[in-house]
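Student: How does the following fold in three dimensions:
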Amino acid sequence: MKIQKLFQKTLFGVFSLFGVISLSTSVLCVYTVDTHLSEEYESNSRDIAKTIADSSVDILLNRDLSALQSLIDQFVEIQSIRYIYIVDEEGAFVAHTFVPGVPEEIRTGDRKDTATVERSLPGLGDFVEVGSPILAGVAGSVHVGMDTDLIALKIQRAIGRQVYLISIILVIGVLAAIWFVNLAAKPLGDLLAYAVALARDQDNGAEDKLLARDDEVGQLARLFLYFSEGVHAEGEQRVSAGNDS
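Tutor: Residues are numbered from 1 along each chain as shown. The predicted model follows:
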């Protein structure tokens, strides 16, 4: 598919514009999806921690630790939640889901702090931990750890779908741009061939079609014909004058 030189820069500009739009849209999409899903998972985990904190008040007062353990074991089955532990007002572990035991980083850390923290636990992976106080911290606190690898995988899948759609739009847009540019360039190619045929005093099959156009191409074709007829008339006058002399 040959493209006229006049439109090559235009087509390059269209490609560049599509590229910039696709790149900026992809970056914005990645940032938006990543931020939105991360905040959503963190908010859901915080809600789970608050639910456990509210549900464990009576259990803690009755010191029914088996029921408390059963309660947190149910929440660990939720996807992306990897561990849960509950500490009392002194920071001592009341219940947890770690097997075989609590990691060293958590045991030596500030277990009463309910602020969101990022943890890297050897042998387990990377996590974002959120907490919720029980009775405003008087009865302890609940801590929930989210698996960041699983969250990242879900984000990648969501982003992949968006990028896939953007790529399809980019390909279709580029092909459409090539088609439209060639559609605009074809009459110019015919006009160029017509001008060459006039200069050589040859017949051109597209003459009637070009002269019938009501756009700029048709106007140029009629202008070329006008000058061509003028040149031929002038040439005939010179030949006639030469014969008379």
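Student: contacts and neighbour counts: CA atoms only from here.
Tutor: Noted.
Student: Domain ranges for the protein, per the record?
Tutor: Domains of the chain are assigned by automatic domain parsing as 5-156, 173-244.
Student: Could you tell me the least trusted of those domains?
Tutor: With a mean of 68, domain 173-244 has the lowest mean pLDDT of those.
Student: From the domains of the chain, pick the one with the highest average neighbour count.
Tutor: Using mean count of other CA atoms under 10 Å, the stretch among these with the greatest mean number of neighbours is domain 5-156 (a mean of 16).
Student: what ranges do the strands span in this structure?
Tutor: For the chain, the strands defined by DSSP state E cover 81-87, 93-96, 117-121, 125-133, 141-147.
Student: Distance to Ser228 for those - can I get that in CSV?
Tutor: Output for these, formatted as CSV (distance: least, CA to CA, whole Å):
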stretch, distance to Ser228
strand 81-87, 83
strand 93-96, 96
strand 117-121, 81
strand 125-133, 80
strand 141-147, 80
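Student: thinking again about what came up before, can you redo the domains of the chain as TSV with distance to Leu165?
Tutor: Below are these laid out as TSV (distance: least, CA to CA, whole Å):
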stretch	distance to Leu165
domain 5-156	10
domain 173-244	12
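Student: out of those domains, which comes closest to Ser167?
Tutor: Within these, the stretch nearest Ser167 is domain 5-156; the backing value is 7.6 Å (CA to CA).
Student: any idea how far Ile106 is from Met146?
Tutor: Relative to Met146, Ile106 is positioned 14 Å away (CA to CA, to the nearest Å).
Student: do Arg107 as well
Tutor: Taken as CA to CA, the span from Arg107 to Met146 is 18 Å.
Student: helices or strands up against the longest helix along the chain?
Tutor: Ranked by number of residues, the top helix in the chain under DSSP state H is helix 5-62. For helix 5-62, the packing partners by 3 or more CA pairs under 8 Å, 6 or more residues apart in numbering; DSSP states H and E come out as helix 65-76, strand 125-133, strand 141-147, helix 148-199.
Student: can we see that at 7 Å?
Tutor: Here helix 5-62 touches strand 125-133, strand 141-147, helix 148-199, going by 3 or more CA pairs under 7 Å, 6 or more residues apart in numbering; DSSP states H and E.
Student: quick one: the residue nearest the centre of the chain and Gly91, what's the gap?
Tutor: Residue closest to the mean C-alpha point of the chain, counted by CA atoms, centre = their mean, is Ser26 at 2.7 Å. Going from Ser26 to Gly91 by CA to CA gives 45 Å.
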